[in-house]
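**Q** Can you look at this prediction? I've put the sequence above it.
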Amino acid sequence: MKLVKSLLLGSAAGLIAVGGAQAADLPVKAKAVEYVRICSLYGAGFYYIPGTDTCIKLGGYLRAEVALGTNSVYGIANGAPAGAHNRLSNYYTARAREDLNIDTRTATEYGVVRTFFDATFSWTTGSYVGTGSGTGTTGYSATTAGTTTINPTDGGTSGGSLGVYYAFIQFAGFTMGKAVSQFDAPWTNYPGNNIDSLVGGSGTVTGVNQFTYTADFGQGVTAAFSAEDATAYYQAGNMNLTGASAGSMIGGTYGSNAIGGSRSPNLVGMVRVDQAWGMFQASVAAHDNHVAYYGATETTGHPDDKWGWAVQLALSIKNIPTGAGDVINIQGVYTDGATRYNFQNLAGSSYSMFGSSGVAYQSVGFASAPDTVFITGGQQETVKTWGFRGAYTHNWDPYWNTALYGAYAQAQYGSVAKTALCGAGGAGGVFGGLAGVTGCNPDFAVAQIGLITRWTPVKNLTFSGDVNWTHLDQKYSGTVGYAGAGTTAKPAALYELKDQDSITLLLRAQRNW
């Protein structure tokens, strides 16, 4: 009996051992590898980069738009050939654009390390300008990678461009790289999400290279000090008036631009308060005007450097009784030798516009606002400007909203410019002494008003229409004999000196993602 029991137990043990061996040899389903994990630390849309503790978010938009009455999608009908208002001027300008941005963030013992990159790929309608030939030949002009090319045989293949808007690192309160200027209001150029080309304040919507430290004092109070690159967006010009002529002035250029190499970044300070009721910001900036030489060589001499400055106040008011989400944004600025903080880069500070006339062949209005002016052998004189802009945005319902916006800017010259261009009594100099000119004063003002309505039928898809009126109030009067220009096809004739207007309409469809 004991023998049988031993045999049975031994057989069972053997079967169990064999069964265990067979089970061990069977394939086991592996645990799924989590390649992409949601990162909830920094808001919606962030994911962990596999194998790291860094979170990443991809975003952007695709935009299709057409601007009517201008050769620029974001600008007014000004310059050559848009300001000519003739058969060379575009009735419409179309653009397709894709924007891509990459946001990464990593938590460290020193705080969050952030990198941000934003680039745009665009295709824009070009223009045809006159070549000045006797046969009426025109050349195609297109913007490619920030430069304008004119090629009579190019059918438009160079209309594509790449733009790098932002590329910066943020760490422990520091911002290093290409980002929005600390001087700017939070809405940059868009108090009402309007066209780009408003005067009356600064606006580096495509970013400016900078090294910034921002201190956060809590309760919505922050302050920043920044050193920012002046060369790309903040040089309106240092003009040698000795090179001015009546023809160049009518084209919007008051002499020869003689900006020298970079010597100092713009120094910017900012204090800001963000609360439930809205926002208040005060900004100041210093700008070094550094001129090259009076002439072509070093031996001709040069003016001394002259520092310009700007100050700006901005206010945003929320929780307005007119409706949920309604907001008023306003700002005001004064500059002295730092014109780009008022006539910002996308608005420009040079004007040349033609229109109708009842007393001459046509009328013309022109103006220019550089940072400083000088004459050969003399020192720099700053150009002073002031301006403001703002908007009121009303939400009709969750799908429709409208913004009414406006802007105004004025430029004022000193005695050096007025004497050189118009003579001591306004009846001499380069322009004031010409036959037919009854009033000569380089001071001018620009006024703008617009209305934009947006419809968002589904989330992140918006259709908008933006109509804008811009008025150039120039201070010249009388008539002038103009030699004409090939690029605008304007003939040599008598022109009336007169204020000018531009009316544009921007239609846009945009899908954010």
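**A** Cool, got the structure.
**Q** those helices in the stretch 201-350 of the chain, which residues are they?
**A** Secondary structure of the stretch 201-350 of the chain, counting by DSSP state H, counting those that start in this stretch: helices at 246-250.
**Q** Tell me where it has strands.
**A** For the stretch 201-350 of the chain, the strands defined by DSSP state E, counting those that start in this stretch cover 208-218, 221-228, 238-240, 256-257, 266-275, 278-289, 306-317, 327-336, 350-355.
**Q** The last one pairs with which strands?
**A** Read it as strand 350-355. strand 362-368 (antiparallel) (DSSP bridges).
**Q** Just list what the helix or strand just after the strand it pairs with packs against, helices and strands only.
**A** Per DSSP states H and E, strand 362-368 leads on to strand 372-374 as the next helix or strand towards the C-terminus. With contacts taken as 3 or more CB pairs under 8 Å, 6 or more residues apart in numbering; DSSP states H and E, strand 372-374 sits against strand 238-240, strand 381-382, helix 415-422. Backbone N, C-alpha and C define where each C-beta goes, glycine included.
**Q** for the host helix or strand of residue 62, the distance to its chain's centre please.
**A** In the assignment (DSSP H and E), residue 62 maps to strand 54-68. Offset of strand 54-68 from its chain centre (CA atoms, centre = their mean, to the nearest Å): 16 Å.
**Q** Then stretch 96-106?
**A** Offset of stretch 96-106 from its chain centre (CA atoms, centre = their mean): 18 Å.
**Q** now swap in stretch 270-281 and tell me
**A** Computed by CA atoms, centre = their mean, the chain-centroid distance of stretch 270-281 equals 23 Å.
**Q** can you pull the contacts of residue 469?
**A** 448-450, 501-503 (CB atoms under 8 Å, 6 or more residues apart in numbering).
**Q** do the same with residue 483
**A** Shown in contact with residue 483 (CB under 8 Å, 6+ apart): 247, 492.
**Q** same check, this time on residue 397
**A** Not one residue lies near residue 397 by CB under 8 Å, 6+ apart.
**Q** how far away is it from residue 139?
**A** Distance, residue 397 to residue 139, by CB to CB, to the nearest Å: 49 Å.
**Q** Would you write out the ChimeraX command that picks the buried residues out of the contacts of residue 469?
**A** Of the contacts of residue 469, the buried ones go into a single ChimeraX selection, burial set by 16 or more other CB atoms under 10 Å:
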select :448,450,502
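**Q** still on that earlier bit, so which elements touch the helix or strand just after the strand holding residue 62?
**A** Downstream of strand 54-68, the next assigned helix or strand under DSSP H and E is strand 92-108. On a contact count with 3+ CB pairs under 8 Å, 6+ apart, strand 92-108 meets strand 54-68, strand 111-124.
**Q** Which one of those strands lies nearest to residue 354?
**A** Taking CB to CB, strand 54-68 is the member of the helices and strands packed on strand 92-108 nearest to residue 354, at 18.5 Å.
**Q** can you give me the angle the closest one makes with strand 92-108?
**A** Interaxial angle of strand 54-68 relative to strand 92-108 (axes from the mean of the first three to the mean of the last three CA atoms, to 10 degrees): 170 degrees.
**Q** what about residue 326, neighbour count?
**A** Neighbour count of residue 326, defined by other CB atoms under 10 Å: 17.
**Q** So it is in contact with residue 278, correct?
**A** No: using CB atoms under 8 Å, residue 326 makes no contact with residue 278, being 11.4 Å away.
**Q** Overlap in contacts, the two.
**A** Counting by CB under 8 Å, 6+ apart, the contacts common to residue 326 and residue 278 are residue 318.
**Q** Give me the nearest residue to the spatially most central residue of the chain, chain neighbours excluded.
**A** Compute the mean C-alpha point of the chain, and by CA atoms, centre = their mean the closest residue is residue 205, 3.9 Å away. Computed as CB to CB, 6 or more residues apart in numbering, the closest residue to residue 205 that is not its neighbour in sequence is residue 188, at 4.8 Å.
**Q** Please identify which helix or strand holds that neighbour.
**A** If you go by DSSP H and E, residue 188 is not part of any helix or strand.
**Q** got the contact list for it?
**A** Going by CB under 8 Å, 6+ apart, residue 188 touches 180, 203-205.
**Q** Any regions of the chain where pLDDT drops low?
**A** The chain contains residues with pLDDT under 70 at 1-35, 142-159.
**Q** right, and residue 311 touches residue 334 too?
**A** Yes: using CB under 8 Å as the test, residue 311 is close enough to residue 334 to be in contact (5.6 Å).
**Q** Can you report how many residues lie near residue 313?
**A** By other CB under 10 Å, the residues close to residue 313 number 16.
**Q** Residue 377 too?
**A** Per other CB under 10 Å, the neighbour tally for residue 377 reads 10.
**Q** where's it relative to residue 293, distance?
**A** With CB to CB as the criterion, residue 377 and residue 293 are 12 Å apart.
**Q** repeat for residue 464
**A** Applying CB to CB to residue 464 and residue 293 gives a distance of 48 Å.
**Q** who's more crowded, the two?
**A** Remark: of residue 464 and residue 293, residue 464 carries more neighbours, 20 against 16, as counted by other CB under 10 Å.
**Q** element containing the more buried one, please.
**A** Element membership for residue 464 (DSSP H and E) is strand 461-474.
**Q** next one: that strand to chain centre, how far?
**A** A distance of 16 Å separates the centroid of the chain from that of strand 461-474, by CA atoms, centre = their mean.
**Q** List the buried residues of it.
**A** Going by neighbour count (16+ other CB under 10 Å), the buried part of strand 461-474 is 462, 464, 466-468, 470-472, 474.
**Q** And stretch 232-247, by the same measure?
**A** Per 16+ other CB under 10 Å, stretch 232-247 contains these buried residues: 233-244, 246.
**Q** ok, of these, which one's closest to residue 415?
**A** Taking CB to CB as the measure, residue 415 lies nearest residue 241 of the buried residues of stretch 232-247, at 12.0 Å.
**Q** show me what contacts that closest one?
**A** Residue 241 is in contact with 254-255, 373-375, 416-417, 420-421, 430, counting by CB under 8 Å, 6+ apart.
**Q** Nearest to residue 84 among the residues you listed?
**A** residue 254 (19.9 Å).
**Q** Residue 373 is in contact with the closest one, correct?
**A** Yes: Residue 254 is within contact range of residue 373, at 7.1 Å (criterion: CB under 8 Å).
**Q** Give me the neighbour count for residue 135.
**A** 5.
**Q** That should have said residue 453, apologies.
**A** Residue 453: 14 neighbours (other CB under 10 Å).
**Q** So what pairs up with it in the strands?
**A** Beta-bridge pairing for residue 453 (DSSP bridges): residue 402, residue 465.
**Q** Surely it touches residue 395?
**A** No: in this structure residue 453 lies outside contact range of residue 395 using CB under 8 Å: 11.4 Å.
**Q** Which neighbours do residue 254 and residue 373 have in common?
**A** Listed as contacting both residue 254 and residue 373 by CB under 8 Å, 6+ apart are 239, 241, 417.
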